[in-house]
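In: Pasted the sequence and its predicted model underneath.
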Amino acid sequence: MADEASTIETEAVVFGLSPKIGWQLQLLAGFITLVLGLVLAFHPTTSINVVCVIFGILLIVGGIFHFIRVLDPEEQHRAWLGIAGLLEVVVGVVLIRHLDVARALIALLIGITWIVQGTVSLMVGILGGSTRSRVWPIIFGVISIAAGAVVIAVPASSVKVLAVLVGIWFIVMGVLQILAGFFLRSDLKKAGVS
């Protein structure tokens, strides 16, 4: 029992947290993940709009910082910083002003990423050596390319479905994190660590 308590205390000290705070942070992370999952699953359009607006604001702020750096006479790449700043501000305003375009861009980026990822996996499966299994990379590649093509074909509908799926995933992960926090608390009580 003393060994178990010292092991738990040692693990907590390694991460710089007391054991009590460790399980509480696990519980808090679980609740935050659960709430985010519920919001994404039941209000996907609103959630995506909020993400687009926040991303647009970040781009505008980044563009403003680039413009500030342009004013520095010591800066060597003032022209490029000015161009980058202008592009960031324009894209940021478009993302905020035209949320339908922003949602479609997010879906297109996801679709392109899946197609590239699937193509690479397919090539690994086809060109792979005899030492590793070639079936799973080929299956993954085909599924990833097909999913990417569907997302690119209908980006507006796909991004809502993706948001709901991510929301469901967050709900599951949140519940698991909450359970892990309670299990850690129970283990600490059994070990006599408070």
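Out: Nice, thanks for sending it over. Residues are numbered from 1 along each chain as shown.

In: Just name the shakiest helix or strand of the chain by mean pLDDT.
Out: helix 2-14 (a mean of 48; mean pLDDT, DSSP states H and E).

In: counting contacts, what elements does the helix or strand just after it pack onto?
Out: Once helix 2-14 ends, the next helix or strand along the chain (criterion: DSSP states H and E) is helix 19-42. Helix 19-42 sits against helix 2-14, helix 44-70, helix 155-191, with contacts defined as 3 or more Cβ pairs under 8 Å, 6 or more residues apart in numbering; DSSP states H and E. C-beta here means a position set from N, CA and C on the backbone, and glycine is covered the same way.

In: Quick check: the residue sitting nearest the centre point of the chain vs Gly63, distance?
Out: Computing the C-alpha centroid of the chain and ranking residues by Cα atoms, centre = their mean puts Val166 first, at 9.5 Å. Distance, Val166 to Gly63, by Cβ to Cβ, to the nearest Å: 28 Å.

In: Now do the helix or strand where Ala149 lies against helix 155-191: the angle between them, please.
Out: Assigned by DSSP H and E, Ala149 belongs to helix 135-153. When axes from the mean of the first three to the mean of the last three Cα atoms, to 10 degrees is applied, the directions of helix 135-153 and helix 155-191 differ by 130 degrees.

In: picking that back up, just confirm the residue nearest to the centre of the chain contacts Leu40, I think it does.
Out: Yes - under the criterion of Cβ atoms under 8 Å, Val166 makes contact with Leu40 at 5.6 Å.

In: what's stretch 26-42 in contact with?
Out: 46-47, 163-164, 166-182, 184-185 (Cβ atoms under 8 Å, 6 or more residues apart in numbering).

In: again, 7 Å this time
Out: Stretch 26-42 is contacted from outside by 47, 163-164, 166-168, 170-171, 173-175, 177-178, 180-181, 184, using Cβ atoms under 7 Å, 6 or more residues apart in numbering.

In: Could you give the separation of that stretch from the chain centroid?
Out: 14 Å (Cα atoms, centre = their mean, to the nearest Å).

In: quick one: buried residues of it?
Out: 26-27, 29-30, 33-34, 36-37, 39-41 (16 or more other Cβ atoms under 10 Å).

In: Please tabulate the residues you listed in CSV and include distance to Thr113 and pLDDT as additional columns.
Out: Shown next, in CSV, are those (distance: Cβ to Cβ, whole Å; pLDDT from 0 to 100):
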residue, distance to Thr113, pLDDT
Gln26, 31, 82
Leu27, 33, 87
Ala29, 26, 87
Gly30, 28, 88
Thr33, 23, 87
Leu34, 27, 91
Leu36, 22, 86
Gly37, 22, 87
Val39, 24, 88
Leu40, 19, 85
Ala41, 22, 88
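
In: Out of the residues you listed, name the two that are farthest from one another.
Out: Pairwise distances across the buried residues of stretch 26-42 peak at 22.2 Å for Gln26 and Ala41 (criterion: Cβ to Cβ).
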